[in-house]
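Visitor: Predicted structure and sequence below. I'll ask about it afterward.
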Amino acid sequence: MSQKLASKGIFFGAISGKIMRQNEKVLAQVFKVF
């Protein structure tokens, strides 16, 4: 059970990391426009 939760945490961590990086790129483009 704990092993499943750990792998899920790593999985969601990787996804959230990708989303954060994409958001940073979008924010950078938005700030460039202004």
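Guide: Arrived safely.

Visitor: just the helices in the chain please.
Guide: 2-33 (DSSP state H).

Visitor: where are the low-confidence patches of it?
Guide: For the chain, the stretches with pLDDT under 70 are 1, 34.

Visitor: hmm, 80 instead?
Guide: Residue ranges of the chain with pLDDT under 80: 1, 33-34.

Visitor: contacts for stretch 12-25?
Guide: Residues from elsewhere that reach stretch 12-25 (C-beta atoms under 8 Å, 6 or more residues apart in numbering): none. From N, CA and C alone the C-beta is placed, and that goes for glycine too.

Visitor: Alpha carbons of it, as CSV, please.
Guide: Output of stretch 12-25 as CSV, limited to C-alpha atoms (Å, rounded to 0.1, in the frame of the first residue of the first chain):
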residue,chain,number,x,y,z
PHE,A,12,1.7,13.4,-9.5
GLY,A,13,4.8,15.3,-8.6
ALA,A,14,6.2,14.9,-12.1
ILE,A,15,2.9,16.0,-13.6
SER,A,16,2.6,19.1,-11.3
GLY,A,17,6.3,19.9,-12.1
LYS,A,18,5.5,19.8,-15.8
ILE,A,19,2.4,22.0,-15.3
MET,A,20,4.4,24.5,-13.2
ARG,A,21,7.1,24.8,-15.9
GLN,A,22,4.5,25.3,-18.6
ASN,A,23,2.8,28.0,-16.5
GLU,A,24,6.2,29.7,-16.0
LYS,A,25,6.7,29.8,-19.8
